[in-house]
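A.B. asks: Take this sequence and fold it.
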Amino acid sequence: MYKTVFNKRASFKFKHFSRKGYALFSCLGREVVIGTLSVATLTYAKAEGISVRADKAGEGMADTVRTVMLGEVDVTASRAPLAGGRAPRIVTVLHRGDIAAAPAQSVNDLLKYAVGVDVRQRGPIGAQTDVSIRGGTSEHIAILLDGINICDPQTGHNALDLPVGIGDIERIEVVEGPAGRIYGTSSLLGAVNIVTRTAAGSGGEVRAGGGSFGYAGAGARFSLVSGSWSNNVSGGYTRSDGYSRSKSGSLNADYDGGRAFYQGRYAVPGLTVKWHAGVSVKGWGSNTFYSTLSDEQYERTAKFYTAVTAETNVGKFHLRPSVYWNRFHDRYEFYRGKPDRSPFNHHRTDVAGLNLGSWFDWKLGRTAFGAEARNEDIISTTLGEPLNSAIHIHGTERDYTVGLNRTNLSLYLEHNIIWRRLTVSAGFTTVKNTWNEMPFKVYPGVDASFAMTSKLKAYASFNTSLRMPSFTELYYSVDGHKADKHLKPEEMSAAEVGLKYAGGGINTTLSAYRHWGRNMIDWIMDTSLGGDAVWTSVNHAEINSTGVEASVRLDFFRLLPIQRVLRSFDAAYSYIDQDKRRKPGVQSLYALEYLRHKLVSGIGLMILPGLGLDVKYRYQYRMGSYTGTDGVNRSYKPYSIVDARFAWTKPSYSVYVEANNLFGARYVDYGNVPQPGFWIMAGARWKFGLSQIGH
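C.D. replies: Have a look, this model is predicted:
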């Protein structure tokens, strides 16, 4: 289900071979047309990941021409692109075919099947979701859309309010462990990069579905391709009544949301420019998630995304500039629709960034360097320092009265070396933030891989990163919470070793890691204070984690080609232990509530041509405890979930039936919000093409 991802690059002609060791960099991930080669020369050029096919030369050509495709380029494991077969870090990738086969209707649900990822939802499908990696919290990972950081500095709770649906996604890439050297300061414990589809031709598709709990959803996507230009536009709407009710009988787990996304691309030799604009509007019942004092909490967000990126060659240099601006609106209601009982909290956040990246090849390898400036600004009714003058909140009779502005500056330098079977990527990022007048501070990292055989590789890495506190952690002091505006930035160091075997239809990985976290931020409550107890944001001195992950995937179409029923099997297991223990009577809201054990597995069957069945299993055992609405403190209990998807798929259409939590397990995965039992849905998709436009 998870494979290494690569990107295609333009082809070029080999005129001669160089004996320089760094010459390999100039052709990584590109189509290479080689002419007038002797058999001996081609044997010398042989490398893992190269496939060769003979093409017929045109009339009058005496030379035999061979096209050599080196592995496409993996852009997530380092700042500079390296061929996937030589990437020095393991990247978990969910490809488009895997996305289509999974029993999931949202990115939130898809990530449940990544073993190192912890997904904690307030409800199924489109409800608010926290995503974390390797025992961290939702604040510890970077969420990227086509490589653009879309993290909300107000809070990580709303990170997956995305403007794209499953039909827009080409793949999802997950980097586990500190990734500050690659993705910047938001990626304390990893990153999730959502890569959208680029249309190969003009056409479109429409989708519709419905199911349990009043769920209904519909969406459409259209593409127009003309010469060097391509344009994609999509949109969708989903809603549900939710699976629970408040004590008064009103909705408290419902949601509804709409989204729209436009993406454009212009590509000619030596220059590619991409741009996007998107919007996500979403509302959901928050049940008792934020506090047990109300079971009628509600939240509504509106998010707007824009970005322009480019890649071009200027002499020996490859330039990658990007600019982006995102705006986030958030309205939180402690008592739904009742501002007289508790005033609504309003927040508006603006994030603008400029990234100037580049890389070049020289005698000693491939070097990447660049800089990024990111400004984060919030105006609010509760978060920040008093404003010089109030700003009116559109559509209300209230004003924004407080706010905060901070700028993060970062510089990075990375160097990559490929020497025979060894790949090394080393560098650092240096960071300065204006919020606490911190000076520039350096965070280094190094990744290395060694090909022990053509199929077995060993990995080792040491990386560091940091994260600035969110605006909520600094200033949210209402509704039973007390924040500390003097919180320190979190810092993380991590060492990891691993093995990966890939060949003959078998893919396996095994890794072990150790994390050293300093000044880790959490919300805690001292229940010994009784009625005076509140949730308080604090810096833990240290939280150290040790973990092990293992996975295996079998492709039975390659292992047993004589049969066409059993398609695939995969299984993965994760174990984490933290040495920070909770004091008696002290509850942790996030940092100490991690998955001690997680097991995921799945089997794919092709019952008939076009008729497939995919079954997924998850087992999770979470550390920590929570206080229920009855005031009783309870520990989290382990649970098992089975999901399945039955689909009939043809080139122009598909229909499916999807069932989640097949055996109706009752469980609590976050605080005191019980999760739904068995639920089912069905839907269809129709795909169509348009006559080619342009040449």
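A.B. asks: List the contacts of the nearest residue to N345 once chain neighbours are set aside.
C.D. replies: Nearest non-adjacent residue to N345, counting by Cβ to Cβ, 6 or more residues apart in numbering: Y332, 4.3 Å away. Any C-beta I mention is one placed from the backbone N, CA and C, and that applies to glycine too. Applying Cβ atoms under 8 Å, 6 or more residues apart in numbering to Y332 gives the contacts S286, Y290, Q297, Y298, E299, F344, N345, H347.
A.B. asks: Let me know the closest of those to L189.
C.D. replies: Distance to L189, by Cβ to Cβ, is smallest for Y290 among those, at 23.3 Å.
A.B. asks: now the closest residue to the closest one other than its chain neighbours: how far from R245?
C.D. replies: Nearest non-adjacent residue to Y290, counting by Cβ to Cβ, 6+ apart: Q297, 5.8 Å away. Using Cβ to Cβ, to the nearest Å, Q297 is found at 14 Å from R245.
A.B. asks: Quick check: neighbours shared by those two?
C.D. replies: In contact with both Q297 and R245: N252, using Cβ under 8 Å, 6+ apart.
A.B. asks: of those two, who's got more company?
C.D. replies: Using other Cβ atoms under 10 Å as the criterion, Q297 and R245 rank with Q297 on top: 24 against 17.
A.B. asks: got the contact list for the more buried one?
C.D. replies: Counting by Cβ under 8 Å, 6+ apart, Q297 has contacts 252, 285-291, 332-336.
A.B. asks: Checking my notes, the residue nearest to N345 in a strand, right?
C.D. replies: Yes. Secondary structure of Y332 (DSSP: H, G, I helix; E, B strand; the rest coil): part of a strand.
A.B. asks: right, and G504 touches R558 too?
C.D. replies: Yes. Counting by Cβ atoms under 8 Å, R558 is a contact partner of G504 at 6.7 Å.
A.B. asks: so what's in contact with those two at the same time?
C.D. replies: Counting by Cβ under 8 Å, 6+ apart, G504 and R558 have no common neighbour.
A.B. asks: which element is the residue nearest the centre of the chain on?
C.D. replies: Central residue of the chain (Cα atoms, centre = their mean): V192, 1.9 Å from the mean position. According to DSSP states H and E, V192 maps onto strand 190-196.
A.B. asks: helices and strands around the helix or strand containing F369, which ones?
C.D. replies: Assessed by DSSP H and E, F369 sits inside strand 365-380. Applying 3 or more Cβ pairs under 8 Å, 6 or more residues apart in numbering; DSSP states H and E, one finds that strand 365-380 contacts strand 345-362, strand 399-419, helix 471-475.
A.B. asks: swap the cut-off to 7 Å and go again
C.D. replies: Other elements packing on strand 365-380 under the criterion 3 or more Cβ pairs under 7 Å, 6 or more residues apart in numbering; DSSP states H and E are strand 345-362, strand 399-419.
A.B. asks: export those strands to JSON lines and tack on distance to N326, mean neighbour count and mean pLDDT?
C.D. replies: What follows is those, written out as JSON lines (distance: least, Cβ to Cβ, whole Å; neighbours: other Cβ atoms under 10 Å; pLDDT from 0 to 100):
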{"stretch": "strand 345-362", "distance to N326": "5", "mean neighbour count": "19", "mean pLDDT": "95"}
{"stretch": "strand 399-419", "distance to N326": "14", "mean neighbour count": "18", "mean pLDDT": "95"}
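A.B. asks: could you dump stretch 81-99 to CSV, C-alpha only?
C.D. replies: Extracted in CSV, the C-alpha atoms of stretch 81-99 (Å, rounded to 0.1, in the frame of the first residue of the first chain):
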residue,chain,number,x,y,z
PRO,A,81,15.7,16.0,-5.4
LEU,A,82,17.4,12.6,-5.3
ALA,A,83,16.4,9.5,-7.2
GLY,A,84,14.0,7.4,-5.1
GLY,A,85,16.4,4.4,-5.1
ARG,A,86,19.1,6.6,-3.5
ALA,A,87,17.0,8.6,-1.0
PRO,A,88,18.7,8.4,2.4
ARG,A,89,15.4,8.4,4.4
ILE,A,90,12.3,6.1,4.4
VAL,A,91,9.2,8.0,3.2
THR,A,92,5.8,6.4,3.6
VAL,A,93,3.6,7.1,0.5
LEU,A,94,0.0,6.4,-0.2
HIS,A,95,-0.5,6.3,-3.9
ARG,A,96,-3.5,7.1,-6.0
GLY,A,97,-4.4,3.5,-6.6
ASP,A,98,-4.2,2.8,-2.8
ILE,A,99,-6.3,5.8,-2.1
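A.B. asks: helix, strand or coil for S187?
C.D. replies: Here S187 is recorded as coil under three-state DSSP.
A.B. asks: Looking at it now. What's its pLDDT?
C.D. replies: S187 carries a pLDDT value of 89.
A.B. asks: Now do it: how many residues are near it, please.
C.D. replies: Per other Cβ under 10 Å, the neighbour tally for S187 reads 29.
A.B. asks: And the contacts of Y332, which is the shakiest by pLDDT?
C.D. replies: Out of these, that is Y290, at 78.
A.B. asks: Can you verify that residue is assigned to a strand?
C.D. replies: No. Assigned with three-state DSSP, Y290 falls outside any strand and is coil.
A.B. asks: Renumber starting at 18 from here on
C.D. replies: Noted, 18 is the first residue going forward, which turns the last one into Y307.
A.B. asks: Pull the residues that contact the strand holding V209.
C.D. replies: Strand 207-213 is contacted by residues 93, 124, 148, 150-151, 158-164, 181, 185-194, 196, 200, 280 when judged by Cβ atoms under 7 Å, 6 or more residues apart in numbering.
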